Structure formats: C-alpha cells, structure tokens
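**Q** predicted coordinates and the sequence they were generated for:
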Amino acid sequence: MIKCLLCSRNIAQNFLFSELFLLKSPQNLLCSKCQKNFENIPEAHCPCCCKPNVHEICTDCQNWEKRGYKIRHQAIFHYNQAMKDYFSQYKFVGDYRLYQIFEPYFKNISQKSPLVPIPISPKRLEERGFNQVTAFLQQENFIELLEKENSVKQSSLNRKERLESPNPFRLKKGLKVPTKVILIDDIYTTGTTLYHASQILKEAGVHEIRSFSLCR
C-alpha cells in the first residue's frame with residue numbers, strides 16, 4: 001500500500017502493471033484529501049505575474065514597471081495555507097522527498113530558453129542540504145548562472161523589508177551567458193528576488209528574461 005507523502009494516509013488505488021512506471025505522478029504520491037487542499041491559480045489573475053483574484057495588471061507589477069522591470073511570469077498554484085504547510089515541511093524541516101510531488105510541473109517549461117534556477121546561499125545549502133528549486137529540476141537541463149551571498153532569510157522579512165533588501169546575487173564566473181533565459185523559483189511573493197536576479201543577468205548581456213514559479 002502506498003502512503004501519502006504529506007499525511008501518511010494509505011492511498012487506495014489499483015494499478016495496472018503498465019502503470020507501475022508512473023507512480024511518481026502527483027496523483028500517486030498524495031491522498032485525495034491532500035490533493036484537494038492545493039489551489040490552482042484562478043482564471044481571474046494578473047496577466048503579468050499571475051497574482052490571484054485581480055482582473056488587470058496588479059499594483060505590484062505597475063510599481064515594478066515604473067522601475068523599468070516588466071514582469072513576464074507564470075505560476076501554477078496559489079500560495080495558500082496548504083502550500084505554506086508543504087513548503088514548511090519541505091524547506092524548513094528538510095523533507096527532501098517532497099520535491100517529487102510537484103516535480104512534474106517543472107517538465108517541459110521551455111524547449112528554447114535555458115532554465116536558470118534561483119540559488120540559495122552557501123549557509124542555507126549547508127543547513128538544508130539541498131536547493132529546493134534545483135530539486136524540482138532534476139529531470140531538466142538547467143544552467144546555474146547565479147550565486148547568492150549569505151543573507152537574511154526572505155521568509156523572516158516583512159513586505160517592506162523585502163522590497164528594500166539589497167541585491168544578494170552575483171554572476172558565476174567562467175560560464176557562457178545565453179541571450180534568453182527563464183528564471184525558476186519556488187514561490188513568487190513581492191517579485192524582489194526575480195527582480196534582483198534579472199538585474200544581474202541583464203548586466204551580463206541577457207536580452208529576454210521570463211520567469212516561472214510553482215506558487216504565487
């Protein structure tokens with residue numbers, strides 16, 4: 001009997017032999033109750049950043065545009081309480097297995113533009129043991145163009161502090177920089193992380209930058 005990765009309930013399913021190779025799909029890793037707790041981005045959302053329940057460009061994106069940063073972002077899920085609980089267990093408790101639940105959503109994001117994951121700091125990597133973003137990308141080709149300096153956890157900052165935080169990223173040396181990329185992150189909150197990463201990449205010669213996250 002397969003158990004739900006989040007709540008450890010038994011998942012009652014009858015598999016054909018041919019389906020045994022597909023056991024890593026989200027439907028086969030979570031019980032139906034846990035699956036229902038995650039909410040897709042609704043039809044009503046910001047066309048630039050996927051912020052839920054707005055019908056035009058949101059004030060966040062308007063403010064970024066005033067600073068010269070045009071958002072081109074896609075997200076799949078609303079960052080609701082169930083998703084907060086998931087990331088608490090995945091990132092802060094360090095339950096690495098949980099990457100499997102949402103890994104399929106990171107497949108085939110783009111066949112043309114290289115994927116560039118948002119890095120975590122050396123200190124955070126030592127504490128956690130893994131980068132939660134690159135874990136989602138294990139089956140994909142990606143380029144780690146950026147490095148992150150040790151800094152205060154974004155989760156410990158309020159909205160104003162996040163927006164005013166200094167740029168913690170720098171370009172890795174010795175790598176060929178493509179002209180188009182898709183930045184990959186786990187959660188989009190204020191947009192500051194992707195803005196900072198985009199600044200570094202633009203200075204390095206990247207002309208077209210889009211972004212993708214699991215949650216908004």
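**A** Perfect, I can see it now. Numbering: from 1, shown residues only.
**Q** what's the local residue count around Lys160?
**A** As a burial measure, Lys160 scores 9 neighbours (other C-beta atoms under 10 Å). Where C-beta positions appear, they are placed from N, C-alpha and C, glycine not excepted.
**Q** check the gap between it and Pro117 for me.
**A** Separation of Lys160 from Pro117 (C-beta to C-beta, to the nearest Å) stands at 27 Å.
**Q** likewise for Phe106?
**A** Distance of Phe106 to Pro117, computed by C-beta to C-beta: 10 Å.
**Q** and the longest helix anywhere in the chain, how far out from the chain's middle?
**A** Secondary structure of the chain read by DSSP state H shows that its longest helix is helix 192-203. The chain centre lies 15 Å from the centre of helix 192-203; the measure is C-alpha atoms, centre = their mean, to the nearest Å.
**Q** partners of the helix or strand following it in the sheet?
**A** Sequence-wise, the next helix or strand downstream of helix 192-203 (DSSP states H and E) is strand 208-215. Sheet pairing of strand 208-215 (DSSP bridges) gives strand 73-77 (parallel), strand 180-187 (parallel).
**Q** and the lowest-mean-pLDDT helix or strand in the chain, how far out from the chain middle?
**A** Of all helical and strand segments in the chain, the minimum by mean pLDDT, DSSP states H and E falls on helix 159-164, at a mean of 75. Computed by C-alpha atoms, centre = their mean, the chain-centroid distance of helix 159-164 equals 19 Å.
**Q** what's the burial count for the closest residue to Tyr79 other than its chain neighbours?
**A** Nearest residue to Tyr79 in three dimensions, chain neighbours excluded: Cys215, at 4.2 Å (C-beta to C-beta, 6 or more residues apart in numbering). Here the number of neighbours of Cys215 (other C-beta under 10 Å) works out to 23.
**Q** kindly report the same for Cys50.
**A** 23.
**Q** equivalent analysis for the one 10 residues further on, please.
**A** Counted with other C-beta under 10 Å, the burial measure for Asp60 works out to 20 neighbours.
**Q** okay, buried residues for the strand or helix carrying it please.
**A** Using DSSP H and E, Asp60 falls within helix 59-66. If you call a residue buried by 16 or more other C-beta atoms under 10 Å, then helix 59-66 has these buried ones: 60-61, 64.
**Q** go ahead and confirm Ile2 touches Asn10.
**A** Yes - with contact defined as C-beta atoms under 8 Å, Ile2 reaches Asn10; the gap is 7.4 Å.
**Q** among these two, which residue is more densely surrounded?
**A** Taking Ile2 and Asn10 together and counting by other C-beta under 10 Å, Ile2 has the greater number of neighbours (13 against 10).
**Q** distance of the more buried one from Lys172?
**A** Ile2 is 40 Å from Lys172, where distance means C-beta to C-beta.
**Q** Glu144 too?
**A** Distance of Glu144 to Lys172, computed by C-beta to C-beta: 7 Å.
**Q** keeping just the C-alphas, turn stretch 174-192 into PDB.
**A** The C-alpha trace of stretch 174-192 is given here as PDB (Å, rounded to 0.1, in the frame of the first residue of the first chain):
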ATOM      1  CA  GLY A 174      33.500  31.200 -16.400                       C
ATOM      2  CA  LEU A 175      30.100  30.400 -17.800                       C
ATOM      3  CA  LYS A 176      28.700  31.300 -21.200                       C
ATOM      4  CA  VAL A 177      25.700  33.600 -20.800                       C
ATOM      5  CA  PRO A 178      22.700  32.900 -23.200                       C
ATOM      6  CA  THR A 179      20.700  35.800 -24.600                       C
ATOM      7  CA  LYS A 180      17.300  34.400 -23.400                       C
ATOM      8  CA  VAL A 181      16.500  32.700 -20.100                       C
ATOM      9  CA  ILE A 182      13.700  31.600 -17.900                       C
ATOM     10  CA  LEU A 183      14.300  32.200 -14.200                       C
ATOM     11  CA  ILE A 184      12.900  29.400 -12.000                       C
ATOM     12  CA  ASP A 185      11.800  29.900  -8.400                       C
ATOM     13  CA  ASP A 186       9.600  28.100  -5.900                       C
ATOM     14  CA  ILE A 187       7.400  31.000  -4.600                       C
ATOM     15  CA  TYR A 188       6.700  34.400  -6.000                       C
ATOM     16  CA  THR A 189       5.700  36.900  -3.300                       C
ATOM     17  CA  THR A 190       6.800  40.500  -3.900                       C
ATOM     18  CA  GLY A 191       8.900  39.900  -7.000                       C
ATOM     19  CA  THR A 192      12.000  41.200  -5.400                       C
END
